[in-house]
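Engineer: Quick one, structure for this:
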Amino acid sequence: MEPCPHTRLMNYFIGMCKKQRDWITVLAKLGYELQLVEQRVRTSTDQISHPDIVVSSNQLLHFLVCDCKGGITIDEDQIDRYSTLTKDNFANFIRPFAIKDFSLDVCLSDIEENHPLVLAHSKGFPILTFGKTALYKTGKFKQENLDSAFKEPINLEGMIPPLSYYPFSSEDTHAYIAPYVIRGLLSIATKNAKGGPSFADENIVTRDEIITVVFNQVYESLSDSHRKQLKDKIWIVIRWVLKSEPMREALQLIEGQGSIKVARQLDKLQKAAEEFIADLETRQILDDFLNREAN
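Structural biologist: Numbers count the residues shown, from 1 in each chain. This next block holds a predicted model:
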């Protein structure tokens, strides 16, 4: 199963800030680290902006704001608001050692398929486009070292695009999100079990615990409002999962608390979960085949 384009872009961009062998590390080499995800920010003109990603580099004394454009619609007002962002708008959230010396760039990221649409509404902001074989830049960053790093297309052949940093967004399908939620729930329930993996005595798992485990690599960077949005999505997906009778027999919702009670032995829950996930994957393979045949 594939994530939606927005989720892919979030992972691709965050991945560039990480030191790893299987993906490009261009931002990590410039000292950039992830700071904020979906943080509500008041701009210099008293407007509200919600940039997808904010990274910063103490090496370059620089903030880089990125809006991941994976969809087929563009909010032009949102793009306009980005032009009113300044480094001081992030002072309440990020405290580098010399913010007065920092500068700021805003960019968009997209995938090859929707680049013409994003370019037409980019308002002059630079764009990082992820193609099948290369990452390339349109436009110019104000920060010279950053601009130079993307001057030539960056080869992506042989790379393994990361998908685990930001596992899912509210735009992803229930079927895509469900395995993450179920596996996270199982991990917590197994850890909580007092009598070992085959026993569950009043084993309660909360949405807060699930999001902390599933988004562990970026959890500290998620804004409070985005955490709530993701927890709400987790709850919706759990309700969807419980339409399956084996899973409904294994789990019980505690509505007032936003919690899930493990209602049977963990080994039986694990078996039901594995069968449910395998069924999702089988149906996805069939859907993909039918779609290819139709085209």
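
Engineer: what does the strand or helix carrying D232 contact?
Structural biologist: Following DSSP states H and E, one finds D232 within helix 224-241. For helix 224-241, contacts defined as C-beta atoms under 8 Å, 6 or more residues apart in numbering pick out 37-40, 168-170, 174, 177-178, 181-182, 207-208, 210-211, 215, 219, 222, 247, 251, 253, 258, 260, 276. Quick note: C-beta positions are derived from backbone N, CA and C, even for glycine.

Engineer: Any chance you could give me the next helix or strand after that helix in PDB, C-alpha atoms only?
Structural biologist: Going down the chain from helix 224-241, the next helix or strand is helix 245-250, by DSSP H and E. C-alpha atoms of helix 245-250 as PDB (Å, rounded to 0.1, in the frame of the first residue of the first chain):
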ATOM      1  CA  GLU A 245     -15.600  -9.200  13.700                       C
ATOM      2  CA  PRO A 246     -12.300 -10.800  14.800                       C
ATOM      3  CA  MET A 247     -10.900  -7.400  15.700                       C
ATOM      4  CA  ARG A 248     -14.100  -6.400  17.400                       C
ATOM      5  CA  GLU A 249     -13.900  -9.500  19.600                       C
ATOM      6  CA  ALA A 250     -10.300  -8.600  20.500                       C
END
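
Engineer: ok, which stretches of the stretch 51-200 of the chain are strands?
Structural biologist: 53-57, 62-69, 103-111, 127-130, 134-138, 154-155 (DSSP state E, counting those that start in this stretch).

Engineer: Distance to P96 for those strands - can I get that in TSV?
Structural biologist: Compiled in TSV, these are given as follows (distance: least, C-beta to C-beta, whole Å):
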stretch	distance to P96
strand 53-57	6
strand 62-69	9
strand 103-111	12
strand 127-130	23
strand 134-138	25
strand 154-155	26
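
Engineer: buried set for stretch 60-72?
Structural biologist: Buried residues in stretch 60-72, counting neighbours by 16 or more other C-beta atoms under 10 Å, are found at 60-70.

Engineer: An error on my part: the question was meant for stretch 224-233.
Structural biologist: Result for stretch 224-233 [16+ other C-beta under 10 Å]: buried residues 226-227, 230-231, 233.

Engineer: Please work out the average pLDDT along that stretch.
Structural biologist: What stretch 224-233 shows for mean pLDDT is 96.

Engineer: Just the CA atoms of that stretch, as PDB, please.
Structural biologist: Written as PDB, here are the backbone C-alpha positions of stretch 224-233 (Å, rounded to 0.1, in the frame of the first residue of the first chain):
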ATOM      1  CA  ASP A 224      -0.200  20.300  19.800                       C
ATOM      2  CA  SER A 225      -3.000  20.900  17.200                       C
ATOM      3  CA  HIS A 226      -1.400  18.400  14.800                       C
ATOM      4  CA  ARG A 227      -1.100  15.800  17.500                       C
ATOM      5  CA  LYS A 228      -4.800  16.200  18.200                       C
ATOM      6  CA  GLN A 229      -5.600  15.900  14.500                       C
ATOM      7  CA  LEU A 230      -3.700  12.700  14.200                       C
ATOM      8  CA  LYS A 231      -5.200  11.300  17.400                       C
ATOM      9  CA  ASP A 232      -8.700  12.000  16.000                       C
ATOM     10  CA  LYS A 233      -7.700  10.200  12.800                       C
END
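
Engineer: Can you give me the distance of the residue nearest to T7 when sequence neighbours are not counted to K137?
Structural biologist: Take T7 and drop its neighbours on the chain: the residue closest to it by C-beta to C-beta, 6 or more residues apart in numbering is S169, 4.8 Å away. To K137, S169 is 24 Å away according to C-beta to C-beta, to the nearest Å.

Engineer: Could you check which of the two is surrounded by more residues?
Structural biologist: Of the pair S169 and K137, S169 is the one with more neighbours under other C-beta atoms under 10 Å, namely 23 against 19.

Engineer: how about M10, what does it touch?
Structural biologist: Contacts of M10 by C-beta under 8 Å, 6+ apart are 37, 52-53, 68, 165-166, 169.

Engineer: So which of those residues wins on neighbours?
Structural biologist: Within those, Y166 tops the neighbour count with 29 neighbours, counted by other C-beta under 10 Å.

Engineer: In this structure that one contacts V218, no?
Structural biologist: Yes. Taking C-beta atoms under 8 Å as the definition, Y166 is a contact partner of V218 at 5.8 Å.
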